[in-house]
Each structure stands twice: as structure tokens, then as C-alpha cells.
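Undergrad: what shape does this take:
(one chain, ligands or ions: 1)
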Amino acid sequence: MSTDTIFGKILRGEIPCNKVYEDDVCLAFHDVAPVAPVHVLMIPKEPVQSLGHIAAGHATMLGHLLHKAGELGQQLCPDGFRVVANTGEDGGQTVNHLHLHILGGRHMGWPPG
Ligand code: AMP
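TA: Okay, here's the model as predicted:
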């Protein structure tokens, strides 16, 4: 995949982000256009385009991402939260670097709008 995405630029330090968490595998930062009181994006450092481009070798990285998303969500939104991975055009994905949206701070409702 191309690493010339906005998230690739954030990972390379070419543009800033409002960082929430970072380790060797992932980076989490506040979404620039939040749709909920808490709206954090969690991205892998490894360039993977989307959940639709996952291979068996990504299982450990994905598990780590979900583990940390769960920890962060619980920490930031103790009353509950939602984790979303928009995937592909019909899924509403606009940045072609795998990312999890961690959303909370209000009742999220269902179905999502
Ligand atoms: P998606 O539509 O699922 O691909 O999500 C992409 C998200 O990235 C959107 O919620 C955008 O608001 C967010 N976004 C785009 N550029 C930035 C940026 N520079 N910093 C933080 N979030 C961003």
C-alpha cells in the first residue's frame, strides 16, 4: 500500500497529532473532527490499508491494537464506548491506513447514523 496517507505523515512526524498513546506497534491520537466527546483513532505503525487487507501475519498486531483500544476505551469512557473500523468505500473509509475509531463520552445509539 502507499504510505503517503495523512496517517503515514503523522507516523513520520511530518504533521502533528494530539497523541493519546504510543508504543512500538501502534499510535493513538484524537480525531481532528470528533463526532463524539471522546473520539480517538488507533493506528498500527505497520502500513496496512484496511481490515480488508489483513493477512495471517497481521494477527498479533491486530490483537495488540484491539487490546490497547479496549484499555484506552475503558480508561477514557468508563461508562462504555464503541470501536469502529470503517473499511473500503462503502464502509466510509477515507484514509487508506487501517485505523480503529474509539468513540464514547455519550450514549452512542443504534443503528449509527
Ligand atoms: P475514516 O473516515 O474511517 O477513514 O476516518 C478517518 C478519520 O481521520 C476521520 O474521522 C477524520 O476526521 C480523521 N482525520 C483526518 N485527518 C486527521 C488528522 N490530521 N488528525 C487527526 N484525525 C484526522
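
Undergrad: how far is the helix or strand hosting residue 60 from where the chain is centred?
TA: Element membership for residue 60, per DSSP states H and E: helix 59-76. The chain centroid and the centroid of helix 59-76 are separated by 10 Å under Cα atoms, centre = their mean, to the nearest Å.

Undergrad: ok, now stretch 8-27?
TA: Put simply, stretch 8-27 sits 11 Å off its chain's centre (Cα atoms, centre = their mean).

Undergrad: and the gap between the nearest residue to residue 19 once chain neighbours are set aside and the ligand?
TA: The shortest distance from residue 19 to any residue other than its chain neighbours is 5.0 Å, reached at residue 29 (Cβ to Cβ, 6 or more residues apart in numbering). Heads up, the C-betas are built off the backbone N, CA and C, glycines and all. Residue 29 is 6 Å from the ligand, where distance means Cβ to the nearest ligand atom, to the nearest Å.

Undergrad: what does the helix or strand hosting residue 29 contact?
TA: Secondary structure here is read from DSSP H and E; on that basis residue 29 sits in strand 26-30. Residues external to strand 26-30 that are found in contact with it (Cβ atoms under 8 Å, 6 or more residues apart in numbering): 10-11, 17-22, 39-45, 64-65, 68-69, 72, 102.
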